[in-house]
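Asker: here you go, sequence then predicted model.
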Amino acid sequence: VIDATSLGWGTRVKGFIACFAIGCLCSLLGSCLLWVPKKGLILFAVFYTLGNIASIGSTLFLMGPVKQLKRMFEPTRLIATIVMLLCLILTLCSAFWWRKEGLALLFCILQFFALAWYSISFIPFARDAVKKCVSVCLS
């Protein structure tokens, strides 16, 4: 923790870009592997989950691990964080232990929405705008 927080700004940005690029690459690779016969959905679930973990991990370089963890569990992000982490775990459980491809796909979709909701919580008033947009579209 001490070494990670003492990195220079340039090193932090490089670490963020590298980790985020690895996350995007894993997610893209997972999407391509979705069409592999028999094991495709399991490979998709694994690589998509690893991609999301790497993307979340990339922000550790910008904020530092302690500040990131504190911000993840603030009251405004608590539910999104719990749902996101739970979906990450449940995706892997459904792919490896339960061997339920449909459930793995459902948890991947939930991962996407939970991560999106978590991510927009860092943009001021973004959640309110999304809620208003959805309510207008539904009415």
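Answerer: Now that the structure is in, tell me what you want to look at.

Asker: now the helix or strand encompassing residue 22, how far from the centre of its chain.
Answerer: In this assignment (DSSP states H and E), residue 22 forms part of helix 9-33. Remark: helix 9-33 is offset 12 Å from the chain centroid, using Cα atoms, centre = their mean, to the nearest Å.

Asker: contacts for that helix next, please.
Answerer: By Cβ atoms under 8 Å, 6 or more residues apart in numbering, the residues outside helix 9-33 that reach it are 7, 40, 43-48, 50-62. The way it works is simple: take the backbone N, C-alpha and C, and place the C-beta from them, glycine included.

Asker: among these, which ones are buried?
Answerer: Among the contacts of helix 9-33, those classed as buried by 16 or more other Cβ atoms under 10 Å are 43-48, 50-61.

Asker: return the subset of the residues you listed lying in helices.
Answerer: 43-48, 50-61 (DSSP state H).

Asker: which stretches of this structure aren't confidently modelled?
Answerer: 1-5 (pLDDT under 70).

Asker: rerun that using 80 as the cut-off
Answerer: For the chain, applying pLDDT under 80 flags the ranges 1-7.

Asker: spatially central residue for it, please.
Answerer: Residue closest to the average C-alpha location in the chain (Cα atoms, centre = their mean): residue 52, at 3.6 Å.

Asker: can you pull the contacts of that one?
Answerer: Residues counted as contacts of residue 52 (Cβ under 8 Å, 6+ apart) are 23, 27, 84, 88, 111, 115.

Asker: contacts for the helix or strand encompassing the fifth one next, please.
Answerer: With secondary structure defined by DSSP H and E, residue 111 is part of helix 101-120. Taking Cβ under 8 Å, 6+ apart as the criterion, the residues outside helix 101-120 that touch it are 41-42, 44-45, 48-49, 52, 55-56, 72, 77, 80-81, 83-84, 87-88, 90-91, 94-95, 126-127, 130.
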